[in-house]
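Chemist: Model the structure of this input:
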Amino acid sequence: MDILLLFLGFLFVVLGILGSFLPVIPGPPLSWLGLLLLYLTDGIENDWWFLGITLVVAIAVLVLDYAIPAIGTKKFGGSKGGVIGSIIGLIVAVAFPIIGIFGIVIWPFIGALTGEIIAGTKKNKAFKAAIGSFIGFLTGTFLKFALSITYLVLFISKAAEYKRELFGPVNEWFKSLF
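Modeler: Residues are numbered from 1 along each chain as shown. Take a look at the predicted model:
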């Protein structure tokens, strides 16, 4: 059972990293769920303080991810159209990865600019607002990515620390086969 929890935990942490870039997947909470599954194994002591603190941080980053683009857009004089356009641009970048990693940077900006123009903003102001929305989007994405990578490092280091407890029964089982 521990191996299943370990595998699922690792899978959730990796999905959390992907969720840093995909707006439909809540990255930090999924990464935290991976940590929770790790701590639910019999081989690792439960540390409810650690899990509580990491949960609060994951939720805070998730909330900030929605607030930061709006703040960036407003600081630069934009509208909701810029924020929505930025998200649509990211979806386009993920759905059609023709440009590669640069698409994740270019398409949200193009989407924010297009969203502002569709919302009726003049071109100069739309460009400035698109930059604000884009900077806010990148900041939120960076926060989610950094936190999800941190949770991955915590997951791997804790699993490595308790490798005997986690993998000992599997080693014994393999030895009994041969």
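Chemist: Around the spatially closest residue to residue 18 that is not a sequence neighbour, how many other residues sit close by?
Modeler: Excluding the flanking residues, the one nearest residue 18 by CB to CB, 6 or more residues apart in numbering is residue 25, at 6.2 Å. Quick note: C-beta positions are derived from backbone N, CA and C, even for glycine. Residues within reach of residue 25, counting by other CB atoms under 10 Å, total 15.
Chemist: do the same with residue 64
Modeler: 16.
Chemist: again, but for residue 162
Modeler: Quick note: residue 162 (other CB under 10 Å) scores 18 neighbours.
Chemist: The residue nearest to residue 18: what secondary structure?
Modeler: At residue 25, secondary structure determined by DSSP: H, G, I helix; E, B strand; the rest coil is coil.
Chemist: Correct me if wrong: it contacts residue 12.
Modeler: No: counting by CB atoms under 8 Å, residue 25 stays clear of residue 12, with 10.7 Å between them.
Chemist: so how far is the helix or strand where residue 103 lies from its chain's centroid?
Modeler: Using DSSP states H and E, residue 103 sits within helix 101-118. Offset of helix 101-118 from its chain centre (CA atoms, centre = their mean, to the nearest Å): 20 Å.
Chemist: what do you get for stretch 44-56?
Modeler: 19 Å.
Chemist: wait, isn't residue 82 in contact with residue 118?
Modeler: No: taking contacts as CB under 8 Å, residue 82 lies outside contact range of residue 118: 9.8 Å.
Chemist: who's more crowded, these two?
Modeler: residue 82 (37 against 14).
Chemist: What residues does the more buried one make contact with?
Modeler: 73, 112-113, 115-116, 119, 121, 126, 129-130, 132-133 (CB atoms under 8 Å, 6 or more residues apart in numbering).
Chemist: make it 10 Å
Modeler: The contact partners of residue 82, by CB atoms under 10 Å, 6 or more residues apart in numbering, come to 69-70, 72-74, 76, 109, 111-119, 121, 126, 128-134, 136-137.
Chemist: Give me the buried positions along the helix holding residue 103.
Modeler: Using 16 or more other CB atoms under 10 Å as the test for burial, helix 101-118 gives 103-105, 107-117.
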